[in-house]
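Q: Build the 3D model from these lines:
(one chain, ligands or ions: 1)
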Amino acid sequence: MSKKFASRVEQIEISGIRKAFETSSGEFFNLGLGEPDFDTPEHIKVAAMQAIDSGFTSYTPNKGIEELREVISAKFTRDNNFSVSPEEIIVTSGASEALHIAILSVVERGDEVLMPNPGFVSFAALTKLAEGKPVGVPLSEDFTMPIEAVKEKITNKTKALILNSPANPTGTVESEGNIKALVDLAIDHQLTIISDEVYEHLIYNGLKHVSPARFYDGVITVNAVSKTYAMTGFRLGYLAAPAEYVEQMLKIHQYIQACASSISQKAALAAITGAQDCVAEMRNEFERRRDFAVTALRDIGMEVRTPQGAFYIFPRVKDEHEFVETLRKRRIIVTPGSTFGSRGKNHVRISYALGFEKLKQAFEIMKEVVK
Ligand SMILES: Cc1ncc(COP(=O)(O)O)c(C=O)c1O
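A: Modelled structure (predicted):
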């Protein structure tokens, strides 16, 4: 008898991050999650409510409403220094769907996909769902992606390279020089780059985010309003790519999603066109917490690099599972590093997307535990 479920689902596991989320409650200090703790800014909520009130609650064009694709196109010129027409944009249900259709459209059975190790959990899982083979590129000591390590992993089956700067789980920001070198390598080997830029505005120390699409047209740029505007529950992302890619991805999007939520599209329109002070305010608060958390960890003798983006710290620990369990007994949730790949072993991911006071309390408890 044939088995009930397809191997493609049996070979992937429930995300370790979700598991932590679902078993925790309000009594816990949840340093395990990847979403801003801020409330969605008021003008964005108002736009969503107006969409409902005015009856803007039907399907939209598959690619997303034209008005929104126009402002996203302008956003790419404004923030990312490359031009893309509204026709080369698809509005998706979060960056998650954008990653899914990007990978499904380029990866065939047996194709190899290069990705950071440690890296965001969806990269490997979505590659496996597409029947491709995830190939982790071991990141260097400072968690950047070394060109030599990428070269070593390229074979005649390599199809795509996934980049993620600023990165989950390490908070690393790739330099312009390294992005350019990675692009050159991708061009030499005709690889598609899938660039996940969801943390582009959460970047510190005056650093600037660099989009690989500035230098190469074989790039699918994935982004979302989720992290920038504290809108994770709106499930609104988007991607930009040359027309030939968009044509293929649109076919999948049509069948698995039809279109992104009409209400969330109106909210995203308000987010991207509205005043950007809320983004700066949240960014500044994250930077303050990062500084606090890094200092607190060093004070208790932990080995940690200063992350330059996103809202995660990735310190080294002796035994990640013991550390996670001990903290859990004290009601603090952190994520074991190996959730993000073998190179994450004996690290933990600490998210500082938690109010400053709670963060302080959590670090006080952590101090006692580490002692
Ligand atoms: C690197 C990265 N990409 C994509 C996502 C998913 O974004 P969205 O909520 O827009 O689907 C996350 C969420 O944690 C992430 O860390």
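Q: For the stretch 151-300 of the chain, what lies in contact range of the ligand?
A: Residues of the stretch 151-300 of the chain that fall close to the ligand, judged by C-beta under 6 Å from any ligand atom: 164, 168, 196, 198, 224, 226, 232, 237. Glycine gets a C-beta too; all of them are placed from N, C-alpha and C.
Q: Could I have the buried ones of the residues you listed as ChimeraX selection syntax?
A: Buried residues among those (16 or more other C-beta atoms under 10 Å), as a ChimeraX selection:
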select :164,168,196,198,224,226,232,237
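Q: and the two most separated of the residues of the stretch 151-300 of the chain next to the ligand?
A: For these, the maximum inter-member distance is 16.9 Å, found between 164 and 232 (C-beta to C-beta).
Q: The residue in the chain that the ligand sits nearest to - how many residues pack around it?
A: Of all residues in the chain, residue 94 sits closest to the ligand, at 2.7 Å by C-beta to the nearest ligand atom. Other residues near residue 94 number 23, with proximity taken as other C-beta atoms under 10 Å.
Q: show me where the stretch 101-250 of the chain has strands.
A: Per DSSP state E, counting those that start in this stretch, the stretch 101-250 of the chain carries strands over the ranges 112-117, 133-138, 158-164, 192-196, 219-224, 237-240.
Q: starting at the chain centroid, how far to stretch 146-161?
A: 21 Å (C-alpha atoms, centre = their mean, to the nearest Å).
Q: cool, stretch 222-231 as well?
A: Computed by C-alpha atoms, centre = their mean, the separation of stretch 222-231 from the middle of its chain amounts to 9 Å.
Q: Endpoints of it, how far apart?
A: Start-to-end span of stretch 222-231 (C-alpha to C-alpha, to the nearest Å) is 16 Å.
Q: For stretch 296-306, buried residues please.
A: Residues of stretch 296-306 classed as buried by neighbour count (16+ other C-beta under 10 Å): 296-297, 302, 304-305.
Q: Outline the domain layout of the chain.
A: Domain segmentation of the chain under automatic domain parsing yields 7-40+277-370, 42-273.
Q: lowest average confidence, helix or strand, in the protein?
A: When each helix and strand of the chain is scored by mean pLDDT, DSSP states H and E, helix 16-23 comes last, with a mean of 62.
Q: Check which element follows it along the chain.
A: strand 29-30 (DSSP states H and E).
Q: Low-confidence stretches in the chain?
A: 16-26 (pLDDT under 70).
Q: ranges for the helices of it?
A: 7-10, 16-23, 42-53, 66-80, 94-106, 121-129, 147-153, 176-188, 243-256, 262-273, 277-299, 320-329, 356-370 (DSSP state H).
Q: So which of these is the most surrounded?
A: Of all these, helix 94-106 has the most neighbours on average by mean count of other C-beta atoms under 10 Å, namely a mean of 24.
Q: returning to what we had before: surely the residue of the chain closest to the ligand and residue 235 touch.
A: Yes. Between residue 94 and residue 235 there is a contact under C-beta atoms under 8 Å: 4.5 Å.
Q: joint contacts of those two?
A: Common contacts of residue 94 and residue 235 (C-beta atoms under 8 Å, 6 or more residues apart in numbering): residue 226.
Q: contacting residues around residue 70?
A: Going by C-beta under 8 Å, 6+ apart, residue 70 touches residue 86.
Q: how far away is it from residue 85?
A: Residue 70 sits 9 Å away from residue 85, going by C-beta to C-beta, to the nearest Å.
Q: Distance of residue 217 relative to residue 245?
A: 9 Å.
Q: What of residue 302?
A: Residue 302 is 43 Å from residue 245, by C-beta to C-beta.
Q: For residue 130, give me its contacts.
A: By C-beta under 8 Å, 6+ apart, residue 130 lies in contact with 103-104, 107-108, 111.
Q: switch to 10 Å and redo it
A: Listed by C-beta atoms under 10 Å, 6 or more residues apart in numbering, the contact partners of residue 130 are 8, 100, 102-109, 111, 113, 159.
Q: Quickly note the distance from the residue lying closest to it once chain neighbours are set aside to residue 128.
A: Leaving out its chain neighbours, the residue that sits closest to residue 130 by C-beta to C-beta, 6 or more residues apart in numbering is residue 107, at 4.1 Å. Using C-beta to C-beta, we find residue 107 at a distance of 10 Å from residue 128.
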